[in-house]
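Trainee: Got a predicted model here, sequence first, then my questions.
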Amino acid sequence: MYGLDNVSRDSIIERRNFSMGLWTVQLMGYEGDDLALYAGKIMASDLAEPDPQDMIARIVGDFAANGIYVTNREVGSRLGQTEQLVRAELMDAD
């Protein structure tokens, strides 16, 4: 995929997941140390399955618990956009 090796692919996924965690927590109104802590939890939630569906479900559930209603499709779309941005950033850095 785009000539990236597994290490680079792993870096993209890690950055994407961290960015998704930050986006989620900011919308829920968390501040300070809670931002990075939650982002780390989102990163960990993606380890259970080889695809991001577990992470998407976690984000949708956490949003719902905080009175923010979004669909899996909306979060999945944001995930795709975030991955494209991360990929572009890493490709530009090389």
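Mentor: The structure has been received and is ready for your questions.
Trainee: Verify the stated contact: Val60 with Arg73.
Mentor: No. The criterion here is CB atoms under 8 Å, and Val60 misses it with Arg73 at 9.8 Å. Every residue, glycine included, has its C-beta placed from N, CA and C.
Trainee: So for the two, which sits in the more crowded spot?
Mentor: Shown here are Val60 and Arg73; by other CB atoms under 10 Å, Val60 has more neighbours (20 against 10).
Trainee: Against Gly67, how distant is that one?
Mentor: 13 Å (CB to CB, to the nearest Å).
Trainee: now Tyr30
Mentor: 14 Å.
Trainee: And these two? Which one has more around it.
Mentor: Tyr30 (17 against 7).
Trainee: next one: phi and psi at that one?
Mentor: Dihedral pair for Tyr30: phi -70, psi 160, per degrees, to the nearest 10.
Trainee: Grab the nearest non-local neighbour of it.
Mentor: Tyr38 (6.0 Å; CB to CB, 6 or more residues apart in numbering).
Trainee: The chain: helices as residue ranges?
Mentor: Using DSSP state H, the helices assigned to the chain run over residues 6-27, 33-45, 53-65, 72-93.
Trainee: Which helix or strand in this structure has the lowest average pLDDT?
Mentor: Lowest by mean pLDDT, DSSP states H and E among the helices and strands of the chain is helix 33-45, with a mean of 84.
Trainee: Pretty sure Leu27 sits against Ile68.
Mentor: Yes. Leu27 is within contact range of Ile68, at 6.2 Å (criterion: CB under 8 Å).
Trainee: which ones are touching Ile56?
Mentor: Shown in contact with Ile56 (CB atoms under 8 Å, 6 or more residues apart in numbering): 72, 75-76, 79.
Trainee: out of the residues you listed, which one sits closest to Ser19?
Mentor: Nearest to Ser19 among those, counting by CB to CB, is Leu79 at 9.4 Å.
Trainee: doesn't Ile12 make contact with that closest one?
Mentor: No. Using CB under 8 Å as the test, Leu79 is too far from Ile12 to be in contact (11.8 Å).
Trainee: Could you measure from Trp23 over to Asp92?
Mentor: Between Trp23 and Asp92 the distance, using CB to CB, works out to 21 Å.
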